[in-house]
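Colleague: Sequence first, predicted coordinates after that:
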Amino acid sequence: MVTLDDVRQVALSLPRTEEKLIRDRVKFRVGRIVYAAISPDETLMGFGFPKEERAALVASEPDKFLMPIPSDERYNWVRVRLAAIDQAEMRELVTDAWRMCVPKRVAAAYDRGEAAR
């Protein structure tokens with residue numbers, strides 16, 4: 001099972017990421033853009049995901065993925081049950097969500113193993 005500490009380790013390894021506690025939720029963001037958030041009970045993770053693809057994602061694995069809460073439906077956002085994913089899948093989801101928030105040159109530098117500028 002994936003934990004908050006596992007998500008934190010991945011997220012904080014990504015350039016420009018900062019962690020904030022907002023209304024009992026741990027959130028990871030770049031600037032003002034949140035790309036991952038953990039529910040207060042630490043069972044769900046919301047993460048950035050293209051709006052136009054989320055219905056297909058949820059339909060493909062409804063025991064794993066959930067639509068965002070109604071107030072978040074306007075955003076590029078979807079949720080996942082942490083107990084339903086492994087470390088590798090969590091790393092991929094968090095990293096892909098982070099890529100949606102950073103400039104392409106920062107993501108490219110990360111891919112090359114360089115420090116972000």
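Modeller: That came through fine.
Colleague: drop to CA atoms for contacts and neighbour counts, all remaining ones
Modeller: Noted.
Colleague: Identify the residue nearest Phe47 in space, chain neighbours excluded?
Modeller: Ala36 (4.2 Å; C-alpha to C-alpha, 6 or more residues apart in numbering).
Colleague: Enumerate the positions of the helix or strand where the one you found lies that are buried.
Modeller: Taking DSSP states H and E as the definition, Ala36 sits inside strand 33-38. Going by neighbour count (16 or more other C-alpha atoms under 10 Å), the buried part of strand 33-38 is 34-38.
Colleague: Adding pLDDT and distance to Glu53, write those out as TSV.
Modeller: Output for the buried residues of strand 33-38, formatted as TSV (pLDDT from 0 to 100; distance: C-alpha to C-alpha, whole Å):
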residue	pLDDT	distance to Glu53
Val34	97	19
Tyr35	98	16
Ala36	98	17
Ala37	98	19
Ile38	98	21
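Colleague: So, low pLDDT: which residues of this structure?
Modeller: Residue ranges of the chain with pLDDT under 70: 115-117.
Colleague: let's see 80
Modeller: Filtered on pLDDT under 80, the chain yields the residue ranges 114-117.
Colleague: can you pull out the strands in it?
Modeller: 17-22, 25-30, 33-38, 44-48, 65-66, 77-81 (DSSP state E).
Colleague: closest to Trp98 out of the ones you listed?
Modeller: Trp98 lies closest, by C-alpha to C-alpha, to one member of the strands of the chain: strand 33-38, at 5.8 Å.
Colleague: Measure how the closest one sits relative to strand 17-22, angle-wise.
Modeller: 60 degrees (axes from the mean of the first three to the mean of the last three C-alpha atoms, to 10 degrees).
Colleague: All set, thanks.
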